[in-house]
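Colleague: Compute the structure for the input listed below.
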Amino acid sequence: MVDKRLKREIQQLKVTVRIGHNGIKESLLTEIIDQLSSRKLIKIKANKGVLDASTRTDFWADLAKKTDSKIVDQIGNIVVLMKI
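Modeller: Numbers count the residues shown, from 1 in each chain. Okay, here's the model as predicted:
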């Protein structure tokens, strides 16, 4: 469970990465890794129609694994990652 202080920080956080219909390319992975190295948390949003409800959780888990991070919060098409 996310504590109240972290929850407030997540709500105020702006989306810094958007995933479009092209999906995750190597350059986008590099950008996410770079952002994780300079920030405590990053918020990522998949554009509408990119992910369906049945694959969302697996997609975000795979992204976290590839970027050596962990999922702090996930709501629909938005995920918040933290560097491990």
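
Colleague: Can you give me the pLDDT of residue 61?
Modeller: If you check residue 61, the pLDDT there is 95.

Colleague: ugh, wrong one, I meant residue 1
Modeller: The model's pLDDT for residue 1 equals 57.

Colleague: same thing with the one 3 residues further on?
Modeller: With respect to pLDDT, residue 4 scores 89.

Colleague: The longest helix seen in the chain packs against which elements?
Modeller: For the chain, the helix with the greatest residue count under DSSP state H is helix 26-38. Where contact means 3 or more CB pairs under 8 Å, 6 or more residues apart in numbering; DSSP states H and E, helix 26-38 is packed against strand 15-19, strand 41-46, strand 78-83. Where you see a C-beta, it was placed from the backbone N, CA and C, and this is true even at glycine.

Colleague: Now tabulate those strands in TSV and tack on mean pLDDT.
Modeller: Converted to TSV, the helices and strands packed on helix 26-38 look like this (pLDDT from 0 to 100):
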stretch	mean pLDDT
strand 15-19	95
strand 41-46	96
strand 78-83	95
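
Colleague: Which helix or strand contains the nearest residue to residue 57 once chain neighbours are set aside?
Modeller: Distances taken as CB to CB, 6 or more residues apart in numbering place residue 74 nearest to residue 57, at 7.3 Å, with adjacent residues excluded. If you go by DSSP states H and E, residue 74 is part of strand 69-75.

Colleague: Check the average confidence over stretch 64-74, would you?
Modeller: On average, stretch 64-74 scores 95.

Colleague: follow-up on the earlier one: the residue nearest to residue 57 pairs with what?
Modeller: Residue 74 forms beta bridges with residue 79, as assigned by DSSP bridges.

Colleague: going forward, begin numbering at 314 instead of 1
Modeller: From this message on, residue numbering opens at 314, which makes the last subject residue 387.
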